[in-house]
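>>> 3D model of this:
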Amino acid sequence: MTVAPDNPLSLLIDLERCIGCKSCEAACKQSNALGPHTYRNRVMWYGEGEEQTEQFRPALLDFLTVTCQQCERPACLRACPVTPKAISKDPITGVVQINEDRCTGCGECAVSCPYGAIGYNAEKHHAVKCDLCAHRRAEGDGPACASVCPTQAIQFGTRNDHIAKAKAEDRDVLDTDHFLQKPATVYFKRLGDRDKTAAEVPNLMADDAARANLTSDVQHGTFDRATREQAEEAPAIKHKGGCNICFNACPITYELRDGKVTNIYGTKDDPIFGGRICPKSQMTLQMYGNPDRLLTPLKRVGERGSGQFEEISWDQALVEIAAKLTQVRDQYGPEALAIQAGSRTGVLNIMGAVPLFADLWGTGNLAATEPFCDLGKSVSLELTQGSTMLANVYTPEDIGSAGMYVYIGDNQAETRPVNFGLMNNWRLQNKAKLVVVDPRQTVTASKADEWLAIRPGTDMALGLAMIHHILSNALQDQHFCDTWMEGFEDWRDYIFAKGYDADWAAPITDLPAEKIRKLAEEIARVDGCMIYLSRGVNQHTNSAQTNRVYQFLVAITGNYGRRGGGYFNVSSEPDWKYPEVPTSRKPQTRPAISKNPADWVGAMLGEAQYPIRAMITGNNPLGQWPNLNRARRAVKGLDLVVHMDLFRNATSDHADYVLPMASGIEKGGTTRFAEDRRIVWNDKLIDPPGEARSDHWFWIELGKRFGFDDILKDRYKDPRVLWDEVVAPTTPGVRGITTKRLIEQPSRWMRIPAKDEDSIAPDTLYLEGTTAFDAPEGHRFPTPSGKLEFFTPTLEGRFAAMGLTALPEFYTEKPSAHLAPTLRYSGEDVVSSFFHADTYAEKGTLVAPSDRPVVSEFDTELVTGRPPAPHFHSWTHYFWQAQEMWPQLYCQIHPKKADALGIADGDEVLVRTENGEVKVRAWRYAGIRENAIFIPIGWDEKQPYHPAESVNKLTGLALDPISQQPNLKLHMCNLSKV
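Numbers count the residues shown, from 1 in each chain. Below is the predicted model of the structure:
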């Protein structure tokens, strides 16, 4: 780039692309060693907290990056009273800088800046501001914020180049020079016909008092300037790997100095992601060396729930745990042990060490988090296409070539910001349409061309109505229907016979019939439509059937098994198989109590086929399980509870033993499986803190106490050996992905499936003319027929055994019982045919709609879900910067409902259901259904900075009979101002 006085360095900030994820904030603080309350940039959310008057106009939700404008005539420079001045402006680059050693901290510059872009370091008593990362530019890099931005909303260059880009892309530039400063920073306006912008900052974001407990004491490790400067005296060693927090598994680069992690940033040369990462990836830096980490094994000395423990040795912990397990087995049988391996524990444990131990021990009661997240998706994929591997990948030729994107119950912009950024860029480049179906206007919906505020739990009705309209008007891809669908006619005739049309669906979904018909026609006619589903669809008692309905919709429109079209539901797993244990070593076991671990509660209370008396868990079930009050009562009565984690949380206080565990590069292994079939490998790069150990170390050591070490071998403590000899060989789709191959990859990732070391996975699966992986020749899909299977006599028999039908009979949750059929449980448990191991499940039957709505004190729809991008479940609540970004538990509430209840923005609100109550902060937001509130997951009352009671004290435990996925998305509640 050519830099000159009339062409200064500049940031381009695209307001259409910005999703408010705050990744730029995280990068700035990491790069500049900034602590709490000290900002060089800050992302603000602006919403509309008042009721909308224009019918059907979406609420406004905007995001603004507040940073130095690098003005030609900077007010801060003129205001600085120090001689010589502490603020200077580079005559060539135009960058305005503060000499922090010279600055007296008088605040004149901050007062004078009309953009609010100057921060203050209260500990060092000087002003701080953006200098476009002068230290990074000196090394040939650009500003940290631009390098990580998941959506490319921030770009670095020169002002003239940014203005030229605006002209080339026909983008309007926001006029920010109201103060005659001639700012160099360029803002692109939002697209669309908007006559106003959002102007209200939510109280919970603006309230700095909520962050008062974030003092410099939390600024540990590399965020402490002295520590950073000392570390930088050592040479930097860079290692590539992947983020192990969420499903994106984004490629990241670890910078180590003197054996410590000093920086975490995106892998710039990755061919797909190009260095873009969300704040969570960067904030794992605050996990390594965190002073709140568990360091030694703990043994309970007070009453369960009291939180009173004493430190013990690992040997004592293992000996005593083994002794208590033996007592439980001798008295109740081996199945009385239940094991939940949370997502933090990693694939090596979930698919390797834990099932080996469980098989040798003799219990089928083991689970990970899939039954809460996406088991309805997994079951439906196995039924329909014969595999859980999703077809599409994030490349310009595949997902990037779609003509339309439809998100149903998937807030990808906040839950997987980097993937959303890829999609959104392709959408804008190709002028593709984006439609979001969700009870609230999420961040994803704020970028959409259309938002449809559907009633929770009725997505299946919407899908059926769109199918009816497409088939009624002969808009389907008949070739695909005839050639590649088993049961097409059965479904078609059933949908017609039931009258599942748009007029039927309108009162059920609370969507206008004409909008349903319009969406159906757009999906059918566009050249390639990607339909995304996620937890908003999965977490209902009609989970499996709703997923099957949308698979049918994708199929009849010719979008199945093609580039630029498809069914997508996070995440994409291989067709996992557990490692085999010799039959002679496997005790005779009874069927598992349930596929869903929250359903173990009945067995803990003595209400099931046999009791569960011991639990070992690697996550935070007593912070996250539904119907939490009942779960805590049940766990309190167990004979043994072992909790393995990084930090103490709500579950720890109910445990007999709390064990310190390692994570990420402290132990090595594969990251989470990505939604586009990527596996990313991390080496063990640093030692865990204190006496923390890897989860698989624990299972191997515990196994030694029972003579399992000839199968659960000591050498498996090496993560490479465990993957190469146990996990990978067991599942055909990953058999060819050895650690040697993974480590040889430039970004340490490969895609599945790969049957041997010479195999390279194709990008898009199930293309016409191809044979599916591990399927007979000519089978496009790995089903018995080689087709997508929607109805067969075998399928019907399996569904009938659970009281349902393989045909798409609509039902929904009890709160909508006056509108549509609902599920009634029979009280009869049978062994389900929908899981790979024998598992009990309760049969259901459908009940016809009632004559009138149920009158109840609980009159408001409660929707739960993921919080904004900085958080993921429990563990980010121990990262101070995530707490600085989003500190408090909140509920979004429509202004009309808030007015009726006298609730102002920021008020404390009591929310009650038949299961319990919690207190939250009110966020008045017009972008939600008038009769609904939204409360995020992840908080619990034992967290260090902003403890709050979990929303799952409000939820119940109603399960889908097919997948045993729980309803977490529709409960009825009431609320009042505290």
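
>>> Can you verify my assumption that F309 contacts P297?
No - using Cβ atoms under 8 Å as the test, F309 is too far from P297 to be in contact (9.3 Å). Using the backbone N, CA and C atoms, a C-beta is placed for each residue, glycine as well.

>>> Neighbour count: the two, which is higher?
Set F309 next to P297 and count neighbours by other Cβ atoms under 10 Å: P297 wins out with 28 against 20.

>>> How much space separates the more buried one from G690?
10 Å (Cβ to Cβ, to the nearest Å).

>>> Now for these two: what residues contact both?
Shared contacts of P297 and G690, defined by Cβ atoms under 8 Å, 6 or more residues apart in numbering, are found at P660.

>>> What segments of the stretch 851-978 of the chain are strands?
Here the stretch 851-978 of the chain has its strands, by DSSP state E, counting those that start in this stretch, at 860-865, 890-893, 908-912, 917-924, 932-936, 971-977.

>>> and among those strands, the most buried is which?
strand 890-893 (a mean of 26; mean count of other Cβ atoms under 10 Å).

>>> what are the pairing partners of that strand, and which direction each?
strand 917-924 (parallel), strand 932-936 (antiparallel) (DSSP bridges).

>>> State the mean pLDDT of stretch 704-715.
Taken as a whole, stretch 704-715 has an average pLDDT of 98.

>>> Then stretch 411-429?
pLDDT averaged over stretch 411-429 gives 97.

>>> Need the per-residue pLDDT for T770.
Reported pLDDT for T770: 98.

>>> which residue packs closest to it, ignoring adjacent ones?
Nearest residue to T770 in three dimensions, chain neighbours excluded: R780, at 6.6 Å (Cβ to Cβ, 6 or more residues apart in numbering).

>>> now do R715
Per Cβ to Cβ, 6+ apart, closest to R715 is V721, 5.3 Å.

>>> do the same with C106
P81 (6.4 Å).

>>> is it true that the one you found touches G107?
No - the pair P81 / G107 is not scored as a contact, 10.3 Å apart, by Cβ under 8 Å.

>>> still on that earlier bit, can you give me the buried ones in the helix or strand harbouring the residue nearest to R715?
Applying DSSP states H and E as the criterion places V721 in helix 719-722. Across helix 719-722, burial judged by 16 or more other Cβ atoms under 10 Å covers 719-720, 722.

>>> What lies in contact with that helix?
By Cβ under 8 Å, 6+ apart, helix 719-722 touches 348, 352-353, 667-669, 684, 694, 696, 715-716, 739.

>>> When you filter these down to buried only, what's left?
348, 352-353, 667-669, 684, 694, 696, 716, 739.

>>> out of everything not next to it in sequence, what's closest to L452?
The nearest residue in space to L452 (Cβ to Cβ, 6+ apart) is V437, at 4.6 Å.

>>> burial of the one you found, as a residue count?
Count around V437 with other Cβ under 10 Å applied: 27.

>>> so it touches N411, yeah?
No - V437 is beyond contact range of N411, at 11.3 Å (criterion: Cβ under 8 Å).

>>> wait, what's in contact with W361?
329, 334, 337, 587, 706.

>>> burial count for the residue lying closest to P183 once chain neighbours are set aside?
Nearest residue to P183, sequence neighbours excluded (Cβ to Cβ, 6+ apart): Q69, at 3.3 Å. Around Q69 there are 25 other residues, counting by other Cβ under 10 Å.

>>> Let me see the contact set for Q69.
Counting by Cβ under 8 Å, 6+ apart, Q69 has contacts 115, 117, 176, 181, 183-185.

>>> Quick one: buried ones out of these?
115, 117, 181, 183-185.

>>> Any chance of those in JSON lines with distance to W484, pLDDT and secondary structure as columns?
Output for the buried ones among the contacts of Q69, formatted as JSON lines (distance: Cβ to Cβ, whole Å; pLDDT from 0 to 100; DSSP: H, G, I helix; E, B strand; the rest coil):
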{"residue": "Y115", "distance to W484": "57", "pLDDT": "95", "secondary structure": "coil"}
{"residue": "A117", "distance to W484": "57", "pLDDT": "96", "secondary structure": "coil"}
{"residue": "Q181", "distance to W484": "62", "pLDDT": "94", "secondary structure": "coil"}
{"residue": "P183", "distance to W484": "56", "pLDDT": "97", "secondary structure": "coil"}
{"residue": "A184", "distance to W484": "56", "pLDDT": "98", "secondary structure": "coil"}
{"residue": "T185", "distance to W484": "52", "pLDDT": "98", "secondary structure": "coil"}
